[in-house]
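>>> next one to model:
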Amino acid sequence: MSRNRSILLSFDVEEFDMPLEYNQPVPMDQQLEVGYKGLRDTMEVIDATGATSTFFTTAHFANSFPDAVRRIAQQHEIASHTFYHSSFEVPHLLQSRLQLEAITGNSVTGLRMPRMRYVAMPDVIAAGYTYDSSVNPTWLPGRYDNRDKPRTMYCEEGMLRLPAAVSPRMRIPLFWLAFKNMPYSLFKSLAIRTLKQDGYLCLYFHPWEFTSLDGYHIPGYTKRWAGEPLKQRLYKLIADLGKEGDFVTIQQMLAQRRQPAL
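Numbers count the residues shown, from 1 in each chain. Reported below is the predicted structural model:
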């Protein structure tokens with residue numbers, strides 16, 4: 001039963017470069033391979049459940065695995081995660097959108113910056129996007145403090161911004177780290193509460209979380225349940241949330257909201 005609630009399941013499809021932040025060199029081909037293995041494992045869950053999703057994809061990843069990205073684009077939304085995950089220049093906004101469109105044959109309208117980094121809205125508009133999902137409206141020590149930002153969709157300098165989900169009032173982030181470190185029952189409860197209050201729920205994960213990360217020297221809280229255990233947790237989340245709303249792409253939800261009420 002949908003009850004007119006939209007579940008926006010999204011994945012940041014990218015090179016696995018996190019070890020670089022912790023002084024562990026990883027060659028680019030290996031970064032891409034881990035990302036690709038994770039995407040295959042993630043798609044096992046998505047294909048089995050039929051959960052329509054949005055995939056924010058770097059153009060570099062799409063160039064490396066065009067067939068995989070084209071297959072996903074047949075049933076899901078491909079959006080931009082800029083060109084590279086580890087480096088950014090403003091021209092990458094347009095370049096990545098055009099490259100993703102060339103590979104998929106679909107219109108690319110959404111952007112999410114790697115690591116939710118700041119991006120100027122006039123630059124996003126100039127690159128041809130219609131929405132941006134590069135803000136997590138909470139405090140994450142060492143990363144950002146966005147508690148002054150609206151918790152739900154808003155317009156900034158002419159650009160529609162779709163924040164990642166945080167709980168009402170306390171703004172507990174319902175993102176990838178919470179999913180693997182919170183007790184499942186608490187995460188589910190907060191997610192459903194947020195969905196019921198806001199009418200939509202914007203969740204995001206990374207495909208590399210759903211494959212083995214043995215041998216990589218990253219904090220334990222970032223790779224907890226990596227691989228099959230996290231896949232099983234995602235199966236469960238999709239089943240539980242599916243009782244409360246419909247899985248749709250971000251493009252689909254925004255199109256529905258623009259339609260005049262009958």
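>>> what ranges in the stretch 151-262 of the chain fall below the confidence cut-off?
259-262 (pLDDT under 70).
>>> hey, where'd the helices end up in it?
176-181, 184-198, 220-223, 228-241, 250-258 (DSSP state H, counting those that start in this stretch).
>>> among these, which comes closest to residue 131?
helix 250-258 (6.3 Å; CB to CB). All C-beta atoms are positioned from the backbone trio N, CA, C, and that covers glycine.
>>> got TSV for the helices of the stretch 151-262 of the chain, with distance to residue 120 and mean neighbour count too?
As requested, the helices of the stretch 151-262 of the chain are arranged in TSV below (distance: least, CB to CB, whole Å; neighbours: other CB atoms under 10 Å):
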stretch	distance to residue 120	mean neighbour count
helix 176-181	25	18
helix 184-198	26	17
helix 220-223	29	14
helix 228-241	34	17
helix 250-258	21	16
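>>> any idea which of those helices gets closest to residue 45?
helix 228-241 (5.2 Å).
>>> so which elements touch the closest one?
When contacts are defined as 3 or more CB pairs under 8 Å, 6 or more residues apart in numbering; DSSP states H and E, helix 228-241 sits against helix 28-49, helix 176-181, helix 184-198.
>>> and the contacts of the last one?
I take that to be helix 184-198. 5, 7, 151-152, 165-168, 172, 174, 178-179, 201, 203, 233, 236-237, 240-241, 244-245 (CB atoms under 8 Å, 6 or more residues apart in numbering).
>>> cool, the shortest one as well?
Here helix 176-181 makes contact (CB under 8 Å, 6+ apart) with 172, 187, 203-206, 209, 221-222, 224-225, 230, 233, 237.
>>> would you turn the helices and strands packed on helix 228-241 into TSV with distance to residue 255?
Shown next, in TSV, are these (distance: least, CB to CB, whole Å):
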stretch	distance to residue 255
helix 28-49	21
helix 176-181	26
helix 184-198	18
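>>> which among the ones you listed is found nearest to residue 159?
helix 184-198 (19.6 Å).
>>> got the CA coordinates for that closest one in CSV?
Extracted in CSV, the C-alpha atoms of helix 184-198 (Å, rounded to 0.1, in the frame of the first residue of the first chain):
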residue,chain,number,x,y,z
TYR,A,184,18.3,-2.4,12.8
SER,A,185,15.0,-1.9,14.7
LEU,A,186,16.0,1.7,15.6
PHE,A,187,17.0,2.6,12.0
LYS,A,188,13.8,1.1,10.6
SER,A,189,11.7,2.9,13.2
LEU,A,190,13.3,6.3,12.5
ALA,A,191,13.1,5.7,8.7
ILE,A,192,9.3,4.9,8.8
ARG,A,193,8.7,7.9,11.1
THR,A,194,10.5,10.2,8.7
LEU,A,195,8.6,8.7,5.7
LYS,A,196,5.3,9.2,7.4
GLN,A,197,5.9,12.8,8.4
ASP,A,198,7.6,14.0,5.2
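>>> ok but residue 11 is inside a strand, no?
Yes. Under DSSP: H, G, I helix; E, B strand; the rest coil, residue 11 falls within a strand.
>>> ok now do it, which residues does it touch?
So residue 11 contacts 39, 42, 53-56, 204-207 (CB under 8 Å, 6+ apart).
>>> beta partners of it?
residue 55, residue 205 (DSSP bridges).
>>> that one and residue 50, how far apart?
Distance from residue 11 to residue 50, counting by CB to CB, to the nearest Å: 15 Å.
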